[in-house]
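Enquirer: Quick one, structure for this:
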Amino acid sequence: MAEDTIKQENSSGEKRPAIAPATTPEGTIRPLSNDDGSMSLIAHLTELRSRLIKSLVAVALGSCVGYCFIDEIMHYLTLPAGKLYYMQPSEAFFTYLKVSIVAGFLIALPVVSYQVWRFFLPALTSRERAVVAIVVPTSVVLFFSGLAFSFFLVLPAGLRFFMGFGNEELQALFSVNKYFEFVIMFILPFGFIFELPLIMTILGKMGILTSKFLKRYQRIVFFLSFVLGAIITPTPDVFTQSMIALPIFVLYEVGYLIVRCVLRK
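Expert: Predicted coordinates:
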């Protein structure tokens, strides 16, 4: 059996005991942690790999669930447009795969957010952990709220406008692949736009934003919200643009009230 201490000789000729690596009851070597609780680069990479694998597994399982319910998902996706067509033999199959993967990511989004939170957890203080524990679920809820708002309210209005150009000589025939890409590009921005109050709250808590600063630029934000609405839906339809611009401004006002009344900044 190896001795726990080893006599070594330093540069001055004195002999002192050198501490051997700690061992577990099973006899395996236990890595020594730093006194400040920091992790080595290898430990960080190992932890990152573990979190990535768990996230990918969650997305894969979610994609399998999405593929099992692909008919129901496609039914709800095609409700605003009606009947769709596919121009190539493999177009429908690959579109189904894309829809399944996107659905799997959305299903696994809470798990992915949790894995990201757990990766940064060791570097946070107890107070920061409490804040992140609130921020992460809130961001997920706001993201899904933005997707739902866009899909059930804004997307049908936009499609009605575009389909209004049809007549007896010009009829709309939507390709299933192009329609799916249009839906994704149309609703995803709303998921991020609905994060605006949360971002403003965080910046206000950090002291970067103040209620005085936000109030000063209210009119500019109101104007830019309509500009962004015109960019997302480049149509002269004021109703469709307002359905995009007004929620942006309302979210801005919510963030302003939080910074002013809750944070008192």
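Enquirer: For the helix or strand hosting Pro137, name the packing helices and strands.
Expert: Assigned by DSSP states H and E, Pro137 belongs to helix 126-149. Here helix 126-149 touches helix 91-120, helix 176-193, helix 196-205, going by 3 or more C-beta pairs under 8 Å, 6 or more residues apart in numbering; DSSP states H and E. C-beta here means a position set from N, CA and C on the backbone, and glycine is covered the same way.
Enquirer: Please look at Met163 and Leu173 and confirm they touch.
Expert: No - checked against C-beta atoms under 8 Å, the pair Met163 and Leu173 is beyond contact range at 11.0 Å.
Enquirer: between the two, who's got more neighbours?
Expert: Met163 (14 against 9; other C-beta atoms under 10 Å).
Enquirer: To what extent is the nearest residue to Ile187 once chain neighbours are set aside buried, counted in neighbours?
Expert: Distances taken as C-beta to C-beta, 6 or more residues apart in numbering put Ser150 closest to Ile187, at 4.0 Å, once the chain neighbours are dropped. Residues lying near Ser150 (other C-beta under 10 Å) number 24.
Enquirer: In contact with Ser150, which residues?
Expert: Ser150 sits next to Phe186, Ile187, Pro189, Phe190, Gly191 when contact means C-beta atoms under 8 Å, 6 or more residues apart in numbering.
Enquirer: quick one, phi psi at Ala172?
Expert: Note on Ala172: backbone dihedrals following degrees, to the nearest 10 are phi -80, psi 120.
Enquirer: circling back to that earlier point, which of the helices and strands packed on helix 126-149 sits closest to Ile258?
Expert: helix 196-205 (5.0 Å; C-beta to C-beta).
Enquirer: Just the C-alphas of the closest one, formatted as CSV.
Expert: Extracted C-alpha coordinates of helix 196-205, given in CSV (Å, rounded to 0.1, in the frame of the first residue of the first chain):
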residue,chain,number,x,y,z
LEU,A,196,-38.1,43.5,-24.6
PRO,A,197,-39.6,44.1,-21.1
LEU,A,198,-37.2,41.5,-19.6
ILE,A,199,-34.2,43.0,-21.3
MET,A,200,-35.2,46.5,-20.2
THR,A,201,-35.6,45.3,-16.7
ILE,A,202,-32.2,43.7,-16.6
LEU,A,203,-30.5,46.8,-18.0
GLY,A,204,-32.4,49.0,-15.6
LYS,A,205,-31.3,46.8,-12.7
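Enquirer: Would you indicate which residues of that helix are buried?
Expert: Leu196, Pro197, Leu198, Met200, Thr201, Ile202, Leu203, Gly204 (16 or more other C-beta atoms under 10 Å).
Enquirer: Out of these, flag the one nearest to Val136.
Expert: Using C-beta to C-beta, those come closest to Val136 at Leu198, 10.2 Å.
Enquirer: Surely that closest one is in contact with Pro137?
Expert: No - using C-beta under 8 Å, Leu198 makes no contact with Pro137, being 10.8 Å away.
Enquirer: So which bits of the helix or strand encompassing Tyr76 are buried?
Expert: Per DSSP H and E: Tyr76 is located in helix 70-77. Buried positions in helix 70-77, judged by neighbour count with 16+ other C-beta under 10 Å: Ile70, Ile73, Met74, Leu77.
Enquirer: contacting residues around the helix holding Pro137?
Expert: So helix 126-149 is contacted by 106, 109-110, 113-114, 116-117, 120-121, 124, 187-188, 190-195, 197-198, 202, 247 (C-beta under 8 Å, 6+ apart).
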